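A.B. asks: I would like to see how this sequence folds:
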Amino acid sequence: MLTISEQQQESNITKNHTVTIVNDNHIVSHYHGELRYELKLGRNLYVKFPDIDEYTHYMVKVIYFNENLDYVLMQTESILPQPRTTLPHDGDHVLLLAYSYTEISRTLCITSGIISSTKQDKYGHIRSDCGANKGDSGGGCFTA
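C.D. replies: Prediction:
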């Protein structure tokens, strides 16, 4: 999870989103939801990862977003904290994290499953038997 704001200190425009740290300098998140109204190419945002370090903020820049593929790519000059992603394999056990629009409280939902195919479809998606629902957003699918 991360907190996004336009300044290093918490403010009334703080948004909570789930992201994946891709490498030392890049994170990816979903495009849909309230975040899309804040997005402009080249815009600087501040992020923090409260589950890793509650106090450190990183300035990131929006370098790409795609509404149709539902993702936002952000870059920082800082070295981002662990954990990092690894490529999945068929048969891997995975956890899917998402904020469900079907939940009134908008709490983090976690489901588990197995990757049945890493062959990407025309949208770049892989296949798993995780119990994802339409409206689940923001999380990632992580090997367990």
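A.B. asks: Show me what residue 136 is bridged to.
C.D. replies: Applying DSSP bridges to residue 136 yields these beta-bridge partners: residue 100.
A.B. asks: actually residue 111, not the one I wrote
C.D. replies: According to DSSP bridges, beta-bridge pairing links residue 111 with residue 96.
A.B. asks: Can you tell me how far it is from residue 39?
C.D. replies: For residue 111, the distance to residue 39 equals 28 Å [Cβ to Cβ, to the nearest Å]. (C-beta placed from N, C-alpha, C; glycine too.)
A.B. asks: Comparing the two, which shows the higher neighbour count?
C.D. replies: residue 111 (19 against 15; other Cβ atoms under 10 Å).
A.B. asks: Quick check: residue 37 is in a strand.
C.D. replies: No: counting by DSSP: H, G, I helix; E, B strand; the rest coil, residue 37 is not part of a strand but helix.
A.B. asks: how many neighbours does it have?
C.D. replies: Number of residues near residue 37 (other Cβ under 10 Å) recorded here: 8.
A.B. asks: Next: residue 65.
C.D. replies: 20.
A.B. asks: Which strand residues bridge the spatially most central residue of the chain?
C.D. replies: In the chain, the residue lying closest to the centroid (Cα atoms, centre = their mean) is residue 19, at 2.0 Å. Taking DSSP bridges as the rule, residue 19 bridges to residue 29.
A.B. asks: Same check on the one 4 residues further on?
C.D. replies: Using DSSP bridges, the beta-bridge partners of residue 23 come out as residue 26.
A.B. asks: Poorly predicted segments of this structure, please.
C.D. replies: Low-confidence segments of the chain (pLDDT under 70): 1-16, 51, 83-86, 101-106, 135, 137-139.
A.B. asks: Give me the domain ranges for it.
C.D. replies: For the chain, automatic domain parsing gives the domain ranges 2-75, 93-143.
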